[in-house]
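Undergrad: Attaching a predicted model along with its sequence, questions to come.
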Amino acid sequence: MSALAFLFTSPKLKDRMTSQRKMMLLILCALSLILIKYYFRLTLHLQKMYGCWNDQVEEPQLSAWFNSANRSDVITTTNWHAPIIWEGTYNREVLEKYYKRLNITIGLAVIAPAGIIRQYLKEFIQSANKHFMTGYNVIFYILTDNLNKVPHLELGLLRTMKLFFIPANTALEDYSLWYMKHLETNIIDFIQYEVEFLFKMDINQIFKDDFGVETLGRSVAQLHGWWYFKNTEDLPYEKRSLAAAAIPSGQGDFYYHSTIFGGTPQEILALLVEYEKGFTHDTSKDINSNFESHLNKYFFVHKPAKLLSPEYNWESNLKTPPQIKHVKIEWQSVSIENDYMD
């Protein structure tokens with residue numbers, strides 16, 4: 001018998017080859033199950049997204065739920081016809097009927113650096129659990145560089161929490177860029193398949209009143225409470241002409257607060273991609289513009305579909321003017337224990 005013939009008739013070799021075939025089959029089965037699960041998750045998500053924007057679902061017209069005439073004391077509509085949401089301008093019940101039929105899921109992402117987790121995260125999530133999109137499926141996304149410091153948090157019905165680890169910033173990148181890159185990655189890999197709408201909020205905030213479906217839209221910007229009541233020529237836009245975030249003198253619509261922004265995951269991705277491009281451009285010019293400047297430039301070029309009034313984010317140490325009827329979220333100055341993003 002030849003050596004080759006012996007190899008193919010050896011019982012030990014046959015057993016080994018059989019075991020390898022079984023192992024390959026098991027691996028293929030596991031991969032097939034993962035692909036099937038991914039396919040159905042993606043299909044369900046696309047069906048829900050299609051339902052959100054398909055005319056056949058009878059999305060209510062703006063006039064059916066928004067009445068700008070109810071608040072003559074403030075600006076309620078932009079010159080590109082986007083609503084500015086103030087107390088008294090919206091009918092939440094009309095929107096509830098629409099969104100309840102779609103069985104939507106809303107994400108709320110917060111970046112929680114180790115130095116301020118213990119001071120802010122628990123109160124932020126507890127207040128959001130009570131006031132953020134009550135009655136809807138909500139996923140809280142916590143992005144942190146220290147999972148061990150995340151406290152145990154009790155959540156209500158329809159609410160879940162997911163943790164994403166952000167490695168330490170050993171590359172010494174700009175902190176805003178570092179965190180936003182990781183938010184972008186997690187939106188691409190996970191979040192966009194799980195939610196129809198997403199808000200990114202700063203951790204140093206406390207929900208004080210219901211933050212409901214009147215805030216949902218393709219892209220949502222938050223008006224800065226302090227600068228809303230100032231002269232437009234004084235708004236702190238990036239003014240250096242070589243900067244990517246520059247807004248030409250005399251132009252600009254409103255000044256937006258980076259502490260809250262939202263929309264569909266795809267719109268959030270588009271904003272983050274433009275921010276990264278702008279940051280890279282500025283670095284080549286030896287310019288350092290903060291994230292809020294880039295956000296304002298993005299919304300100057302890509303007009304938001306909906307604006308949230310200062311009622312949705314008011315600084316706790318400022319005197320509340322009569323235009324603010326109900327504070328939805330109270331913003332607090334950050335007390336820094338360790339390095340933190342701008």
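TA: Cool, got the structure.
Undergrad: Look up phi and psi at residue 204.
TA: phi -90, psi 50 (degrees, to the nearest 10).
Undergrad: Which helix or strand contains residue 109?
TA: strand 105-112 (DSSP states H and E).
Undergrad: residues in contact with that strand?
TA: 48, 120-121, 124-125, 128, 132-133, 136-144, 150, 166, 179, 183, 191, 194-203, 216, 265, 341 (C-beta atoms under 8 Å, 6 or more residues apart in numbering). For glycine as for every other residue, the C-beta is placed from the backbone atoms N, C-alpha and C.
Undergrad: Just the buried ones from these, in ChimeraX syntax?
TA: This is how ChimeraX selects the buried members of these, with burial counted by 16 or more other C-beta atoms under 10 Å:
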select :120,121,124,125,128,132,133,136,137,138,139,140,141,142,143,144,150,166,179,183,191,194,195,196,197,198,199,200,201,202,203,216,265,341
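Undergrad: Show me what the helix or strand that the strand holding residue 109 is followed by is packed up against.
TA: Beyond strand 105-112 on the C-terminal side, the first helix or strand identified by DSSP H and E is helix 122-131. For helix 122-131, the packing partners by 3 or more C-beta pairs under 8 Å, 6 or more residues apart in numbering; DSSP states H and E come out as strand 105-112, strand 137-144, strand 205-207.
Undergrad: for the ones you listed, which one sits closest to residue 299?
TA: Each of the helices and strands packed on helix 122-131 was scored for nearness to residue 299 using C-beta to C-beta, and the closest is strand 105-112 (18.4 Å).
Undergrad: quick one, the closest one and strand 137-144 angle?
TA: Angle, strand 105-112 to strand 137-144, by axes from the mean of the first three to the mean of the last three C-alpha atoms, to 10 degrees: 20 degrees.
Undergrad: So for strand 105-112, mean pLDDT?
TA: Averaged across strand 105-112, pLDDT comes to 97.
Undergrad: which parts of it are buried?
TA: Those would be 105-112, for strand 105-112 by 16+ other C-beta under 10 Å.
Undergrad: Serialize those to JSON lines and add fields for distance to residue 83.
TA: Listed next are the buried residues of strand 105-112 as JSON lines, based on distance: C-beta to C-beta, whole Å:
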{"residue": "105", "distance to residue 83": "23"}
{"residue": "106", "distance to residue 83": "19"}
{"residue": "107", "distance to residue 83": "22"}
{"residue": "108", "distance to residue 83": "22"}
{"residue": "109", "distance to residue 83": "24"}
{"residue": "110", "distance to residue 83": "26"}
{"residue": "111", "distance to residue 83": "28"}
{"residue": "112", "distance to residue 83": "31"}
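Undergrad: Of those, which is the nearest to residue 66?
TA: Nearest member of the buried residues of strand 105-112 to residue 66, counting by C-beta to C-beta, is residue 106, at 19.7 Å.
Undergrad: For the closest one, give the beta-bridge partners.
TA: residue 138, residue 197 (DSSP bridges).
Undergrad: Kindly report the same for residue 144.
TA: residue 112, residue 165.
Undergrad: so what pLDDT did it get?
TA: For residue 144, the predicted pLDDT is 95.
Undergrad: wait, what's in contact with it?
TA: Residue 144 neighbours (C-beta under 8 Å, 6+ apart): 111-114, 117, 150, 163-166.
Undergrad: Dump those into CSV; add distance to residue 246 as well.
TA: Output for the contacts of residue 144, formatted as CSV (distance: C-beta to C-beta, whole Å):
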residue, distance to residue 246
111, 26
112, 32
113, 29
114, 34
117, 35
150, 38
163, 37
164, 33
165, 35
166, 30
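Undergrad: about what we covered before: out of the buried residues of strand 105-112, who's nearest residue 258?
TA: Of the buried residues of strand 105-112, the one sitting nearest to residue 258 (C-beta to C-beta) turns out to be residue 111, at 11.6 Å.
Undergrad: follow-up on the earlier one: residue 243 is nearest to which of the helices and strands packed on helix 122-131?
TA: Using C-beta to C-beta, these put strand 105-112 closest to residue 243, at 24.0 Å.
Undergrad: Now do the closest one: distance to the chain's middle.
TA: The chain centroid and the centroid of strand 105-112 are separated by 6 Å, computed with C-alpha atoms, centre = their mean, to the nearest Å.
Undergrad: Could you tell me the angle between that strand and helix 122-131?
TA: Using the same axes, to 10 degrees: strand 105-112 against helix 122-131 is 170 degrees.
Undergrad: Go through the helices and strands of this structure and name the one with the lowest mean pLDDT.
TA: helix 3-9 (a mean of 51; mean pLDDT, DSSP states H and E).
Undergrad: sorry, back to before: now distance to residue 73 too, for the helices and strands packed on helix 122-131, in CSV please.
TA: Shown next, in CSV, are those (distance: least, C-beta to C-beta, whole Å):
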stretch, distance to residue 73
strand 105-112, 30
strand 137-144, 32
strand 205-207, 25
